[in-house]
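In: Sequence isn't available, so here's the structure alone:
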């Protein structure tokens, strides 16, 4: 129980730093763990990623080609739907890149035009350090307030005497 009490006391003393680190962890997990997804062509109630979407497109095109001639209009509709789905994935990916660039200032991603695993890890590290720094700054400001008030009160006492 003594270790738990010391841990809780340390967390209370550095509450903003801990909040900054927790926020950085949640944001890091969200950026890395969340894949861009769009509605499935086969089952619109299901979400699929880019690889699954490409497999569905190939499967549907193959089955349509087998039924051939009468289904040309369906093939055209599928091509249009697949293009819309691909555009949706591209737009989501562009928003994701924009967010990472905005938060972490990634010149490397802008030069390459795509997010590589190394730049994603670098971005997450920069975001985590920035949020931890903000937490530490806020925590230090909170800790400085009582010290400043005591110093002003002590100076006022010295002036009176």
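Out: Arrived safely, thanks for sending. Small disclaimer: the values here were computed from a predicted structure and weren't measured. Numbering: from 1, shown residues only.
In: Quickly note the distance from residue 85 to residue 34.
Out: Distance of residue 85 to residue 34, given as CB to CB, to the nearest Å: 18 Å. (Each C-beta comes from the backbone N, C-alpha and C, glycine too.)
In: higher neighbour count, these two?
Out: The residue with more neighbours, out of residue 85 and residue 34, is residue 85; 19 against 9, by other CB atoms under 10 Å.
In: For the closest residue to residue 27 other than its chain neighbours, which three-state class applies?
Out: The shortest distance from residue 27 to any non-neighbouring residue, by CB to CB, 6 or more residues apart in numbering, is to residue 127 (5.9 Å). Here residue 127 is helix, with the state taken from DSSP: H, G, I helix; E, B strand; the rest coil.
In: Would you agree residue 127 is in contact with residue 24?
Out: Yes - under the criterion of CB atoms under 8 Å, residue 127 makes contact with residue 24 at 6.1 Å.
In: do you know how far residue 79 is from residue 63?
Out: For residue 79, the distance to residue 63 - CB to CB - is 14 Å.
In: which residues in this protein form strands?
Out: Counting by DSSP state E, the chain has strands at residues 38-39, 47-48.
In: Dump these into TSV; add mean neighbour count and mean pLDDT as well.
Out: Shown next, in TSV, are the strands of the chain (neighbours: other CB atoms under 10 Å; pLDDT from 0 to 100):
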stretch	mean neighbour count	mean pLDDT
strand 38-39	18	84
strand 47-48	17	86
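In: Would you format those as a markdown table with distance to residue 30 included?
Out: Putting these into a markdown table (distance: least, CB to CB, whole Å) gives the following:
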| stretch | distance to residue 30 |
| --- | --- |
| strand 38-39 | 19 |
| strand 47-48 | 16 |
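In: ok, for the spatially most central residue of the chain, nearest residue in space, not its chain neighbours?
Out: Central residue of the chain (CA atoms, centre = their mean): residue 31, 2.9 Å from the mean position. Computed as CB to CB, 6+ apart, the closest residue to residue 31 that is not its neighbour in sequence is residue 124, at 6.3 Å.
In: does that neighbour really touch residue 28, like I thought?
Out: Yes - with contact defined as CB under 8 Å, residue 124 reaches residue 28; the gap is 4.5 Å.
In: if we can go back for a sec, of the strands of the chain, which is nearest residue 74?
Out: strand 38-39 (17.7 Å; CB to CB).
In: so where's the chain uncertain?
Out: Scanning the chain for pLDDT under 70 picks out 1, 69-71, 98-120, 141-161.
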